[in-house]
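A.B. asks: dropping a prediction and its sequence here:
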Amino acid sequence: MPGPEHCDLAWCAIDGQLIFLDLRRDRYFRLPQAQNREAVRALDLSGPGRRGPPASLPFPHDWQEPARASPAIAAGPFRLAEVARALWAQRRAERWLAHRPFSSVLFDLRGTLETHCASGFADADAAARTIRAFEYARLLRSAADRCLPRSIALALCLAARGVRAHVVIGVKLAPFGAHA
């Protein structure tokens, strides 16, 4: 079993249980109890040590824990063109995830974000319209079980507006679940 520093493994610790995401195989897994105890002892799980991105996709240098929601979610006009763009982007992300390895989608996403967001110019009004469009799109097409493609699509649409967004994947135990 490769260690958590393996280039295609992301991991996090929840209540002393390590959960791994194997990007190469597109799957989550846990270690048997004995191996989990050994791995937990070997890792410093205090502070930011509770998670580890894969070596091939490290955290961006400016990454911070998500701490707030956008006020653009709460209100704003329904703009059909923006909502249609959000729905199209989500559908495109769903096709990518269905036909390509997860690691490939993440590498392409990272490249797009770095390319489009390098200038430092961002249109805050356009970003707010994009966020609202994704909120309205949920009313037309359920977001249930589509959080990952929706998050990827939102990040790509915001990048097109010069706004860098981070796709964050979270997991929980009992029952196991993942969310982006």
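C.D. replies: Structure's in. What do you need?

A.B. asks: any idea how far the most far-flung residue of the chain relative to its centre is from V40?
C.D. replies: The centre of the chain is farthest from one residue, A34, which by C-alpha atoms, centre = their mean lies 30.2 Å away. Separation of A34 from V40 (C-beta to C-beta, to the nearest Å) stands at 11 Å. For glycine as for every other residue, the C-beta is placed from the backbone atoms N, C-alpha and C.

A.B. asks: again, but for P101
C.D. replies: Note on P101: its distance to V40, by C-beta to C-beta, is 29 Å.

A.B. asks: now swap in D26 and tell me
C.D. replies: D26 sits 25 Å away from V40, going by C-beta to C-beta.

A.B. asks: do the same with R92
C.D. replies: 39 Å.

A.B. asks: what segments of the protein are strands?
C.D. replies: Using DSSP state E, the strands of the chain run over residues 9-14, 17-22, 27-30, 51-52, 170-172, 177-179.

A.B. asks: how far out from the middle of the chain is the longest helix along the chain?
C.D. replies: Longest helix in the chain by number of residues (criterion: DSSP state H): helix 80-99. With C-alpha atoms, centre = their mean, to the nearest Å as the basis, helix 80-99 stands 16 Å off its chain's centre.

A.B. asks: contact partners for V163?
C.D. replies: Residues counted as contacts of V163 (C-beta atoms under 8 Å, 6 or more residues apart in numbering) are C117, A122, D123, A127, T130.

A.B. asks: any idea how far R138 is from it?
C.D. replies: In this view, V163 and R138 are 20 Å apart by C-beta to C-beta.

A.B. asks: what do you get for R150?
C.D. replies: 8 Å.

A.B. asks: fine by me, thanks again.
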